[in-house]
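[1] Here is my input, please return the structure:
(one chain, ligands or ions: 1)
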Amino acid sequence: MYLGVNVDHIATVRQARGTCYPSPLEAACLAAEAGAHGITVHLREDRRHIQDQDVWDMRRGQPLPLNLEMGNHPEIVEIALQVQPDEVCLVPEKREEVTTEGGLDVVGNYEALSQSCRRFKDAGIAVSLFIDPDPAQIAAAGELQVPMIELHTGTFCDVEGAKRELCLQELIAGARQAHALGIQVNAGHGLNLDNLQALFPVPHLHTLNIGHSIVARALMVGLPKAVKEMLDIMSQYV
Ligand code: PXP
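    Numbering: from 1, shown residues only. So this is what the prediction gives:
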């Protein structure tokens, strides 16, 4: 299983004071040295954390594959096509939300997504869709012929007991469905050192994208240790 480290919240701390530090690029390099397999940044329309220059810096200045998270907005699509990340992960995006809430409605936005997917494919950029483990959404991702999806684990992480078990069963079914369609299964949102192992019954997990909990932990123990702690738990996945 691979770890993509999302460094958005390094930029959140920087933007809080309008300083030039801490540097998301430096964080990405430290994460790479600590054994992370990829770097994720989310260029939001409102530019609340990651800025355009950060995306260019990530493309040129750190050694890992770059996953650019983004809403399917014309301006951001053009930037992505210029920067040429290794992957884009299309997410729903609302200005008023604190963080990404729920998965993309692939069924309802099929035509618009289809156009962007085609443009990215032509540019040699792999497309992932951030979706809930909903059979109709996964089937629509299959019709779009994307090489990968990212299952939204936010709800699973937010609940406990019987509700979490229900979410887990949905994630298991979603992973099986996507795998049967030949789609790589990634997952992310809300994962931390305490809830990660509960996700392990989900089969076929390829990459986990984790941000907030690693950056938060890094404030206490430093980023290299925070990344290694996450990798240690991930190494128990079979
Ligand atoms: N994957 C996607 C698609 C996301 O939108 C986010 C949040 O930016 C993450 C993963 C990482 O979530 P977290 O910061 O909760 O680990």
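[2] CA only for contacts and neighbour counts going forward, please
    OK.
[3] which residues does M148 bridge with?
    S128, Q184 (DSSP bridges).
[4] what kind of secondary structure is the residue positioned nearest the centre of the chain in?
    Nearest to the geometric centre of the chain sits N209, at 4.5 Å (Cα atoms, centre = their mean). The assignment at N209 comes out as strand when based on DSSP: H, G, I helix; E, B strand; the rest coil.
[5] I figured it was touching T40, is that so?
    Yes. Between N209 and T40 there is a contact at 7.3 Å, judged by Cα atoms under 8 Å.
[6] Distance of T99 relative to R48?
    11 Å (Cα to Cα, to the nearest Å).
[7] out of the two, which sits in the more crowded spot?
    Each of T99 and R48 has its neighbours counted (other Cα atoms under 10 Å); R48 has more, 16 against 10.
[8] Common neighbours of N209 and T40, please.
    G4, V5, N6 (Cα atoms under 8 Å, 6 or more residues apart in numbering).
[9] and the second one, what element?
    Looking back up the chat, that one is V5. Assigned by DSSP states H and E, V5 belongs to strand 2-6.
[10] which secondary structure elements does that strand contact?
    strand 38-42, strand 205-210 (3 or more Cα pairs under 8 Å, 6 or more residues apart in numbering; DSSP states H and E).
[11] For the last one, what does the pLDDT average out to?
    Read it as strand 205-210. Averaged across strand 205-210, the pLDDT comes to 98.
[12] Give me the angle between it and strand 38-42.
    Orientation check (axes from the mean of the first three to the mean of the last three Cα atoms, to 10 degrees): strand 205-210 against strand 38-42 gives 50 degrees.
[13] May I have the strands that pair with strand 205-210, each with its orientation?
    Strands adjacent to strand 205-210 in the sheet, as given by DSSP bridges, are strand 2-6 (parallel), strand 184-188 (parallel).
[14] Format those strands as JSON lines; extra columns: mean pLDDT.
    JSON lines is the format used below for those (pLDDT from 0 to 100):
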{"stretch": "strand 2-6", "mean pLDDT": "98"}
{"stretch": "strand 184-188", "mean pLDDT": "98"}
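[15] where's the nearest residue to L181 once chain neighbours are set aside relative to L199, distance?
    Ranked by Cα to Cα, 6 or more residues apart in numbering and with sequence neighbours excluded, the top spatial neighbour of L181 is G142, at 6.3 Å. In this view, G142 and L199 are 23 Å apart by Cα to Cα.
[16] before we move on, the earlier item: any idea which of the shared contacts of N209 and T40 is closest to the ligand?
    Proximity of these to the ligand (Cα to the nearest ligand atom) peaks at N6, which lies at 6.1 Å.
[17] My guess is that closest one contacts L43. True?
    No. Contact criterion Cα under 8 Å: N6 and L43 do not qualify, at 11.4 Å.
[18] Specify which residue of the two has the higher count of neighbours.
    The residue with more neighbours, out of N6 and L43, is N6; 26 against 22, by other Cα under 10 Å.
[19] if we can go back for a sec, quick one, phi/psi of the residue nearest to L181?
    Phi and psi for G142, reported as degrees, to the nearest 10, are phi -60, psi -40.
[20] And for the one 5 residues further on?
    Taking degrees, to the nearest 10, you get phi -80, psi -20 for the backbone angles of P147.
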